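Participant: 3D model of this:
(one chain, ligands or ions: 1)
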Amino acid sequence: MQRITILGATGSVGVSTLDVVSRHLKKYEVFALTGKSKLETLAAQCQKFQPKYAVVMDASSAEILKGMLAATRTATRVIFGMDALCAVSEDSDVDIVMAAIVGAAGLLPTLSAVKADKKVLLANKESLVMAGQVFNQALRSSSATLLPIDSEHNAIFQCLPINKSLSVAGVDKILLSASGGPFKGLTLADMKKVTPEQACAHPNWSMGNKISVDSASMMNKGLELIEACWLFDVNPVQIDIVIHPQSVVHSLVQYVDGSVLAQMGHPDMRTPIAHALAWPERIASGVENLNLIDVARLDFEAPDLVNFPCLVLALEAARVGQNAPAVLNAANEVAVEAFLQRRIEFTQIAEVVKESMFNFNFTEPDSLELVQETDIEARRASATYISRIER
Ligand SMILES: NC(=O)c1ccc[n+]([C@@H]2O[C@H](COP(=O)([O-])OP(=O)(O)OC[C@H]3O[C@@H](n4cnc5c(N)ncnc54)[C@H](OP(=O)(O)O)[C@@H]3O)[C@@H](O)[C@H]2O)c1
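Facilitator: Numbering: from 1, shown residues only. As a prediction, the model looks like this:
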């Protein structure tokens, strides 16, 4: 029996993780579940999975959740705050931590899980984007196992040999696939007046609001490219982005002999979650088999670098390195939030990120403190810029 903490249990990845866990209750026991605003969802999850702990972010949410759990006689202990998130990630009773909090808020508890030698299932790409160097240092000095949950990175992981450097294994390139999002084929002028509802309506994937907007702006693919560089120890030039609108081929690896290995499946996060949960074994995920006759055709095309400036900015941050990705990430989080609140237009997300990046003196972010300082400073600069341009 393996005990699991799910950080961000009330979100899209968290709910999919519990779906997979619920199919294997003889293998996995839920130790802790965490959430922020969806207290009813968290209460229902606690009632069903009876974790030892539920974690929320503040005292008033904790009181409300305690009341809900008392009403259903659920014995789960409610704790709150960042220290509590870190505590349930590093507890000695925990074997596996699913890192599925969205954004920079996921960094500290994910790092705690790594430092405590857990099997860490990484959905929270932002923590690796903003703190890749610090994260990898912690990984090297621990015996933690890091497994990628992002469908693309999980696919790449499945197509790579285990325990061999990429050059020894004869890897030539990583081909990172992207659906193109809901605005594929539109021009910047077309995208000026799009609404948060349109941006969040992804054609293939059902996801949280922040990653949905990132997918619409293609920032998500840029963040994923940076994530892949840290995960697989490659340079940005070793990764090509390929637009694949059907989202059936989740990514590919090209070898020097001309072979290209791909991982395919329905666009359903339960597949990479089940793969990482059970790795190196396999378990059922609840996802139906892929019928290639039904899929019928697979299209591939080059990314549109003219109408998706967020992708260009992310590629630039990847090329520059240092703390440029942390600035990009912080500015993007602030801008996406402002767009979701209808304070700025969709096309102004790139403007905010560009303004923040080009006014920043980049340095080497080789400590957690420097990463956090960068994050705070970039958020402040982005918020100031937004207050100047908002409607
Ligand atoms: N969804 C996908 O298919 C997918 C695929 C690949 C990678 N990812 C990555 O996985 C992560 C989660 O994505 P998602 O789509 O599941 O997001 P989501 O649906 O928005 O869920 C986010 C989770 O984080 C919690 N949360 C939000 N802000 C928090 C804060 N400041 N402190 C603590 N907890 C906080 C939320 O709690 P409440 O909901 O209770 O407020 C929720 O449990 C992201 O990094 C995303 O890029 C997602």
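
Participant: list the contacts of the one residue in the chain that gets nearest to the ligand.
Facilitator: Proximity to the ligand, evaluated over the chain using CB to the nearest ligand atom, is greatest for G11 at 1.9 Å. In short, each C-beta sits where N, CA and C put it, glycine included. Contacts for G11 (CB atoms under 8 Å, 6 or more residues apart in numbering) come out as 35, 100-102, 208.

Participant: close to the ligand: what parts of the stretch 1-150 of the chain are there?
Facilitator: 8-14, 35-38, 57, 100-102, 105, 123-126, 150 (CB under 6 Å from any ligand atom).

Participant: now do 5 Å
Facilitator: 8, 10-13, 35-38, 100-102, 105, 123-125, 150 (CB under 5 Å from any ligand atom).

Participant: A54 reaches A75, doesn't it?
Facilitator: No: using CB atoms under 8 Å as the test, A54 is too far from A75 to be in contact (10.7 Å).

Participant: of those two, who's got more company?
Facilitator: A54 (29 against 10; other CB atoms under 10 Å).

Participant: before we move on, back to that, out of the residues of the stretch 1-150 of the chain next to the ligand, which end up buried?
Facilitator: 8, 10-13, 35-36, 38, 100-102, 105, 123-125, 150 (16 or more other CB atoms under 10 Å).

Participant: in the stretch 251-391 of the chain, which spans are strands?
Facilitator: Here the stretch 251-391 of the chain has its strands, by DSSP state E, counting those that start in this stretch, at 260-264.

Participant: which residues of it lie near the ligand?
Facilitator: M269.

Participant: what sits against S61?
Facilitator: 36-37, 39, 80.

Participant: so how many other residues sit close to the closest residue to T110 other than its chain neighbours?
Facilitator: Nearest non-adjacent residue to T110, counting by CB to CB, 6 or more residues apart in numbering: A99, 4.2 Å away. By other CB under 10 Å, the residues close to A99 number 28.

Participant: relative to S167, how far out is A99?
Facilitator: Using CB to CB, to the nearest Å, we find A99 at a distance of 29 Å from S167.

Participant: span of stretch 27-44 from start to end?
Facilitator: The first residue of stretch 27-44 is 21 Å away from its last residue (CA to CA, to the nearest Å).

Participant: whoops, I mixed them up, stretch 142-150
Facilitator: 23 Å.

Participant: residues contacting that stretch, please?
Facilitator: So stretch 142-150 is contacted by 13, 98-100, 113-123, 125, 138-139, 154, 156-157, 224, 227, 231, 269, 272-273, 275-276, 279 (CB under 8 Å, 6+ apart).

Participant: only C-alpha atoms, please: export stretch 131-139 in CSV.
Facilitator: Below are the C-alpha coordinates for stretch 131-139, written out as CSV (Å, rounded to 0.1, in the frame of the first residue of the first chain):
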residue,chain,number,x,y,z
ALA,A,131,13.4,27.5,-10.3
GLY,A,132,14.9,24.8,-12.6
GLN,A,133,18.4,25.2,-11.3
VAL,A,134,17.5,25.1,-7.6
PHE,A,135,15.0,22.3,-8.2
ASN,A,136,17.6,20.1,-10.0
GLN,A,137,20.2,20.8,-7.3
ALA,A,138,17.7,19.5,-4.7
LEU,A,139,16.9,16.5,-6.9
